[in-house]
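J.: here is my input; please provide its structure:
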Amino acid sequence: MPLSPDIASDGFAIIPDMIAPSEVAGLINIVDNAGFFRSKRGEAVFGGRNILATLDIASLANEPRLFDLVESIIGPNARAVRGLFFDKTPSANWPVAWHQDLTLAVAERVEIEGWTAWSLKAGVHHVQPPSDILERMATLRIQLDDSDADNGPLRVLPGTHRMGRIKATQLTALRAEISEQACIAPIGSVLAFKPLLLHASSAAKSPRHRRVIHLEYAPAGLLPPELSWASA
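T.: Numbers count the residues shown, from 1 in each chain. Next up is the predicted model:
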């Protein structure tokens, strides 16, 4: 699969019809019943962590059709290194401010120059690496529901993945210079993007499920030898 010019220039692309309706139904059942860590507001689940520990999700992440896409973006010998789950419902309908994805999940904490902001999330060590590490990664979001203009779709500033780590003080100017784009992604599609792409989402105008399986990939040998992936 050739590298999408949208991903190369804009930092994202939407690939329709990658997951069949029957597969989507099966994935929803897996997500509903898997034992991964769940984030809740009251009884409403709006997210989950460590989902690659679920064998069916790990199998999905390693399917050839997804790997062909990933390797067209970041090259051969890629691997899935983190999996998350997101949803928006009437009970858990939240906005997400503009940000870049700056954090990796690793097996243990090791102090290395340039690797900062260590934290522990759902029992897993997380760290922010230098930007050149993130530039070599890719993310796939599998849409388990239609993501349309009314249910809080991902919004992006195209091209910002080529600017390195962006300071909060730059955000106002960038939003004035670059027209944001809503990622209208139908059920069964895959949204591919680069971690350093500035993205956000609003609270849904018409709250209903907007379930997403979020998978992060890295090329072989990306980490320094002192570190290993949490998903190893």
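
J.: for the rest of this, base every contact and every neighbour count on C-alpha atoms.
T.: Noted.

J.: any stretches of this structure with poor pLDDT?
T.: Applying pLDDT under 70 to the chain picks out residues 1-5, 40, 43-44, 232.

J.: where is the longest helix in it?
T.: Across the chain, the longest stretch assigned as helix under DSSP state H is helix 21-33.

J.: what comes up buried for that one?
T.: 24, 27-28, 31 (16 or more other C-alpha atoms under 10 Å).

J.: please identify which pair of the residues you listed lies farthest apart.
T.: Greatest spatial distance among these (C-alpha to C-alpha): Val24 and Val31, at 10.4 Å.

J.: which other residues reach the longest helix of the chain?
T.: With contact meaning C-alpha atoms under 8 Å, 6 or more residues apart in numbering, helix 21-33 is reached by 56, 144, 187-188.

J.: in the chain, which spans are strands?
T.: Here the chain has its strands, by DSSP state E, at 12-15, 37-41, 44-49, 78-86, 96-99, 104-106, 116-121, 124-128, 138-143, 154-156, 181-182, 190-193, 199-201, 212-219.

J.: how big is the angle separating the second one from strand 78-86?
T.: To tie it back to what came earlier, the one meant is strand 37-41. 30 degrees (axes from the mean of the first three to the mean of the last three C-alpha atoms, to 10 degrees).

J.: would you mind measuring from Ala53 to Ile166?
T.: Distance from Ala53 to Ile166, counting by C-alpha to C-alpha, to the nearest Å: 32 Å.

J.: correction: Glu23
T.: In terms of C-alpha to C-alpha, Glu23 sits 37 Å off from Ile166.

J.: with Gly11 instead?
T.: On the measure of C-alpha to C-alpha, Gly11 and Ile166 end up 15 Å apart.

J.: the more surrounded of the two?
T.: Neighbours per residue, other C-alpha atoms under 10 Å: of Gly11 and Ile166, the larger number sits with Gly11, 24 against 17.

J.: ok, the more buried one - contacts?
T.: 158-162, 193-194, 197.

J.: same thing with Val156?
T.: Going by C-alpha under 8 Å, 6+ apart, the list of residues near Val156 reads 180-183, 197-200.

J.: so what's it closest to, chain neighbours aside?
T.: His199 (4.3 Å; C-alpha to C-alpha, 6 or more residues apart in numbering).
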